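Undergrad: I'll drop the sequence and a predicted model, then ask my questions.
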Amino acid sequence: MAEPILSIEGVYFRYPNQSEYAVQNVSFQAERGEWLAIVGHNGSGKSTIARLLIGLLRPERGVIRLFGRPLDETTVWDVRRRVGMVFQNPDNQFVGTTVEDDIAFALENNGIPRDEMVERIHEAVRQVHMESFLEHEPHRLSGGQKQRVAIAGILALRPDMIILDEATSMLDPRGREEVLDTVRRLNRQRRITVVSITHDLEEAARADRIVVMNKGEVMAEGTPEHVFRLGGKLERIGLDLPFAVKMGSRLREKGIPLRVGYFTTEELVEELWTLYSKK
Amino acid sequence: MTNNLIIGQYVPGHSLIHRLDPRAKLLIVFAYVLIVFLANNVVTYTVLSLFTFVFAALSRIPLSFIMRGLKPILWVVLFTMLLHLFMTKEGDVVYRLGTFSIYEGGIRQGIFISLRFLLLVLMTTMLTLTTTPIEVTDGVESLLGPLKKMRVPVHELALMMAISLRFIPTLMEETEKIMKAQAARGVDFSGGRFSERVKAIVSLLVPLFISSFKRADELATAMEARGYRGGEGRTKFRQLVWKPLDTSFLVATALLAALLFLLRS
């Protein structure tokens, strides 16, 4: 097996002046090109993990390794160049006065020469389909568009990994689709590793693998199919199962022979309408 | 309303003055403020006015916009004029009314001083009308660049200015939202006694402050995550390009100064 792009081992962290750990004994890995979802209820420690991953917080114990090297003062800036993070609030991560200024921000920080900047900015906006908005001010953009600009800002740095920290939770359904489709495309075409941190299991259903967090610990880990089989256990820690999964298990309880392994409404519909023709 | 909000009074355009480098404009306006005081007779004031009007005409900004900018100070101009009219006692008496006399020198002085005031304001408005706030910021940063050697945090100040400009519309939207939310809870922002109105404003300011601090915190985190670590080793995306046009405008201003110096009495 190839060496994982990201691995964290036995990480503990607590915020200053607090006796309880926000994250304790957490270990997991992600491989290149994988989409890993970290799910959990509020206070499960999932956002703390996001901040640990790019060195905004430092673990008390345990090791975080990115690209085969441990994360410390000497590697943190390189990591922040290769790993981009999209935060929850679209407004509070928009630094520039216009779209192009904002995308340029991270490039400026990394001392990229101006000619190359222009080229990279154009390349990045094309990938998130925001070409015609280059000179727009943030208040003329929707939430979904702002998040796509944030992604473009990351892409301009030619990253290996994108972390979504509840990046879709403040968006309307359309904005959410825009953002997730963009990330999905980048994940598939460019083999950019995605770590999406969310409480939304519908979003997590698109991942290759899910890590379930509860009270700072890893409660379960596996493919969506495997994790969703936990059913009631997930609901007990405050997570809402996707509609299709709930519906499917109810139908199975009623004795309808559905196969397991669909997580979106479309897949369930597909399963239902072909049910009898398959027999 | 917030959708076509223009920060400051900037009027978009592609005139000669719009295309001037913001540094050139800042320098010209700064020099102009000093040059104005060289004028002290009819000839010099005529030359100065001519220069200013040509400059304003080159900006191709509709007169109505310029007038709107000048309106608030018209009273001040009028007041200065009257003050000088009655207070200066020089030359022949032109008109006598009871104990008041108007002297020839008073009329001249009144017209000169109010004209000086008007020209000053006109020229500084030209700067804000033809330059976006962010251009002004870049210009100031570049002009103050040498101060970095004296450990003045020029880059940080410019970044602060740019971020405040960026967040003005966001905070306006937020203010509107909070006002509506508080109005829905029965707060009356428009009526009532003074003390009641102050109370209403407090109910607006407290949430606004709290959310601004939260924003600041999140923005700082996001900036750090995007590799921000101060001005050192940073490149700049927005670049100012000094053109021959800018030099010629600076030379014109210098010539104006020389001319006024020769013609003044």
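TA: Yes, it's here. Note that this is a predicted model, so its numbers are computed, not measured. Numbers count the residues shown, from 1 in each chain, chains lettered A, B, ... in the order given.

Undergrad: Flag every buried residue along stretch A:51-62.
TA: Residues of stretch A:51-62 classed as buried by neighbour count (16 or more other CB atoms under 10 Å in any protein chain shown): A:51, A:52, A:53, A:54, A:55, A:56, A:57, A:59, A:62. Glycine gets a C-beta too; all of them are placed from N, C-alpha and C.

Undergrad: Which ones among those residues lie within strands?
TA: When the buried residues of stretch A:51-62 are checked against strands (DSSP state E), the matches are residue A:62.

Undergrad: Now intersect the buried residues of stretch A:51-62 with the helices, please.
TA: Among the buried residues of stretch A:51-62, the members found in helices (DSSP state H) are A:51, A:52, A:53.

Undergrad: Hmm, the last one is touching residue A:165, no?
TA: Spelled out, that is residue A:53. No: Residue A:53 is beyond contact range of residue A:165, at 9.6 Å (criterion: CB atoms under 8 Å).

Undergrad: before we move on, the earlier item: redo the buried residues of stretch A:51-62 as a markdown table? Include pLDDT and distance to residue B:95.
TA: Shown next, in a markdown table, are these (pLDDT from 0 to 100; distance: CB to CB, whole Å):
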| residue | pLDDT | distance to residue B:95 |
| --- | --- | --- |
| A:51 | 91 | 79 |
| A:52 | 92 | 84 |
| A:53 | 92 | 83 |
| A:54 | 90 | 79 |
| A:55 | 90 | 80 |
| A:56 | 91 | 76 |
| A:57 | 91 | 80 |
| A:59 | 91 | 87 |
| A:62 | 90 | 92 |
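
Undergrad: ok, residue A:110 to residue A:117 distance?
TA: Plainly put, residue A:110 is 10 Å away from residue A:117 if you go by CB to CB, to the nearest Å.

Undergrad: how close does the residue nearest to the spatial centre of chain B get to residue B:9?
TA: Centroid check for chain B by CA atoms, centre = their mean gives residue B:128 as the closest residue, at 5.2 Å. Shown here: residue B:128 relative to residue B:9, a distance of 5 Å by CB to CB.

Undergrad: What of residue B:235?
TA: Distance, residue B:235 to residue B:9, by CB to CB: 31 Å.

Undergrad: What of residue B:87?
TA: Applying CB to CB, the value for residue B:87 to residue B:9 is 34 Å.

Undergrad: what do you get for residue B:38?
TA: Distance from residue B:38 to residue B:9, by CB to CB: 28 Å.

Undergrad: cool, residue A:81 as well?
TA: Counting by CB to CB, the gap from residue A:81 to residue B:9 is 40 Å.

Undergrad: So these two - more neighbours on which side?
TA: Between residue A:81 and residue B:9, counting by other CB atoms under 10 Å in any protein chain shown, residue A:81 is the more crowded of the two (17 against 14).

Undergrad: In which helix or strand does the more buried one reside?
TA: For residue A:81, the host element (DSSP states H and E) is helix A:76-82.

Undergrad: same question, residue A:36
TA: strand A:35-39.

Undergrad: who does that strand touch, helix- and strand-wise?
TA: helix A:46-53, strand A:193-198, helix A:201-204, strand A:209-214 (3 or more CB pairs under 8 Å, 6 or more residues apart in numbering or on different chains; DSSP states H and E).

Undergrad: Centre of the chain to it, how far?
TA: Remark: strand A:35-39 is offset 6 Å from the chain centroid, using CA atoms, centre = their mean, to the nearest Å.

Undergrad: contacts for it?
TA: Contacting residues not belonging to strand A:35-39 are listed as A:28, A:30, A:46, A:49-50, A:184, A:187, A:193-201, A:203-204, A:206-213, A:239 [CB atoms under 8 Å, 6 or more residues apart in numbering or on different chains].

Undergrad: In PyMOL, how would I select just the buried ones from these?
TA: Of the contacts of strand A:35-39, the buried ones go into a single PyMOL selection, burial set by 16+ other CB under 10 Å:
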select buried, chain A and resi 28+30+46+49+50+187+193+194+195+196+197+198+199+200+201+203+204+206+207+209+210+211+212+213+239
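
Undergrad: Surely residue B:239 is within a helix?
TA: No: if the criterion is DSSP: H, G, I helix; E, B strand; the rest coil, then residue B:239 is coil and not within a helix.

Undergrad: Can you point out the buried residues in the strand holding residue A:36?
TA: Neighbour-count burial for strand A:35-39, counted by 16+ other CB under 10 Å, picks out A:35, A:36, A:37, A:38, A:39.

Undergrad: in chain B, what spans have low per-residue confidence?
TA: For chain B, the stretches with pLDDT under 70 are B:1-8.

Undergrad: can you pull out the strands in it?
TA: Under DSSP E, chain B gives strands at B:93-97, B:100-103.

Undergrad: swap in the stretch 151-279 of chain A?
TA: Along the stretch 151-279 of chain A, the segments classed as strands by DSSP state E, counting those that start in this stretch run A:161-165, A:193-198, A:209-214, A:217-222.

Undergrad: who in the stretch 151-279 of chain A is up against chain B?
TA: By CB under 8 Å from any CB of the partner chain, the residues of the stretch 151-279 of chain A that approach chain B are A:153, A:157.

Undergrad: Looking at the stretch 151-279 of chain A, which residue is nearest chain B?
TA: Nearest residue of the stretch 151-279 of chain A to chain B: residue A:153, at 6.8 Å (CB to the nearest CB).

Undergrad: Report how many residues lie close to residue B:75.
TA: Counted by other CB under 10 Å, the residues lying close to residue B:75 total 9.

Undergrad: Now the phi/psi pair for the residue lying closest to residue B:48 once chain neighbours are set aside, please.
TA: Once flanking residues are discounted, residue B:48 sits nearest to residue B:39: 4.8 Å by CB to CB, 6 or more residues apart in numbering or on different chains. The phi/psi pair for residue B:39 (degrees, to the nearest 10) reads phi -70, psi 130.

Undergrad: Contact partners for residue B:39?
TA: B:45, B:47, B:48, B:112, B:116, B:260, B:264.

Undergrad: Highest neighbour count among those residues?
TA: Ranked by neighbours (other CB under 10 Å), the contacts of residue B:39 are led by residue B:48, which has 23 neighbours.

Undergrad: looking at it, residue A:203 is touching residue A:181, isn't it?
TA: No: using CB under 8 Å, residue A:203 is not in contact with residue A:181, being 11.9 Å away.

Undergrad: I'd like to check the angle between the top helix by length along chain A and strand A:35-39, please.
TA: Counting residues, the longest helix found in chain A (DSSP H) is helix A:173-189. Angle of helix A:173-189 versus strand A:35-39, following axes from the mean of the first three to the mean of the last three CA atoms, to 10 degrees, is 140 degrees.

Undergrad: Show me what counts as buried in helix A:173-189.
TA: Under 16+ other CB under 10 Å, the buried positions of helix A:173-189 are A:175, A:176, A:178, A:179, A:180, A:182, A:183, A:186, A:187.
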